[in-house]
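**Student:** sharing a model that was predicted from the sequence below.
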Amino acid sequence: MDDKILWIFLHTPRSGGTSLFKYIEKKLFPEETIRIDATKLSKKTAAEKKKIRFVTGHTTYFGIHKLIPGKIPRYITILRDPAEMLVSLYHSRMDEFQENRKQSFEKWYSLRKRNETTLLFDELFRSTNKKIVLFHIIKVKLRLILDKIDKTKTIHTFLKKLRKKQNSLSVEKEKFQNAKKLLDECWFICITEHLNDDSKFLFKGMGIKGKLKNSGVSKIPRKLFTLDKKTREKIYQENPLDVELYNYALKLNKAKKEKFS
């Protein structure tokens, strides 16, 4: 890997990102990687920052490269089919619920905001604003705390109801454009559905040898709900921006692979 390049992984939930970044970490020395979730970048010295080549974690954002000056930033991310992502996220969340408090997929989904990936990417793109960065970090940290103390998920469900309010159409369009701009800024975009193949292009560009085998999303037992055609179509209809963003990512993914080839 070129030590002048700083690789920054924007981690979307239930996308296979954990498999990807763990493989990359194995190919590097410990001092060359940093997970923002667990380590505060501000505590690193200038000499320590100079050694960093790969940044990951659920609290990474666009613009974080400014905290490690003197390197060329290359952002990478993964997108997954919106319906597949939501069902996977549902099973992941229910794994945290007590057995007698588990919600049906319909109940859980009714409490979710629509177009979640678009909202996330808009937030990550606007994170050049320090207030947005702080809000993003607090939100992630708060969820981790609530998961530990709210064993019955009563607070969890209450907060979901409070934040269910949707944005106006004009605001949603603006957020969607920001989400697209973030994808445009990415050096490479992997697609979960063909992550094994995509990782070959990514690793070649990063100067990493080897290939990702049997990758994908970490296995969460799917005992509670099976995605059917009717539910898939419902999710697509109710999350049109996420569907459009996913299709845009597919086009960028194809174009970049053709360019690399």
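**Tutor:** Received it, and whenever you're ready, just let me know what you need. Numbering: from 1, shown residues only.

**Student:** please count neighbours and contacts with C-alpha atoms only from this point.
**Tutor:** Noted.

**Student:** can you pull out the helices in the chain?
**Tutor:** 17-26, 46-51, 82-94, 105-110, 116-125, 130-149, 154-162, 169-185, 195-206, 229-238, 240-260 (DSSP state H).

**Student:** and for the second one, what's in contact with it?
**Tutor:** Read that as helix 46-51. Helix 46-51 is contacted by residues 3, 31, 32, 68, 70 when judged by Cα atoms under 8 Å, 6 or more residues apart in numbering.

**Student:** neighbours of residue 43, how many?
**Tutor:** Counted with other Cα atoms under 10 Å, residues neighbouring residue 43 total 9.

**Student:** ok, now residue 177?
**Tutor:** Residue 177, neighbours per other Cα under 10 Å, totals 16.

**Student:** which non-adjacent residue is nearest it?
**Tutor:** residue 122 (8.0 Å; Cα to Cα, 6 or more residues apart in numbering).

**Student:** still on that earlier bit, in ChimeraX, select just the buried ones from the contacts of helix 46-51.
**Tutor:** To isolate the buried members of the contacts of helix 46-51 in ChimeraX, using 16 or more other Cα atoms under 10 Å:
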select :32,68
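
**Student:** now, which of the contacts of helix 46-51 sits nearest residue 222?
**Tutor:** residue 32 (35.9 Å; Cα to Cα).

**Student:** wait, the closest one sits on residue 26?
**Tutor:** No: Residue 32 lies out of contact with residue 26 (Cα atoms under 8 Å); the separation is 10.6 Å.

**Student:** coming back round to it: out of the contacts of helix 46-51, which comes closest to residue 259?
**Tutor:** Proximity of the contacts of helix 46-51 to residue 259 (Cα to Cα) peaks at residue 3, which lies at 23.2 Å.

**Student:** max-length strand in this structure?
**Tutor:** Longest strand of the chain, by residue count under DSSP state E: strand 72-79.

**Student:** may I see the buried residues of that one?
**Tutor:** Those would be 73, 74, 75, 76, 77, 78, 79, for strand 72-79 by 16+ other Cα under 10 Å.
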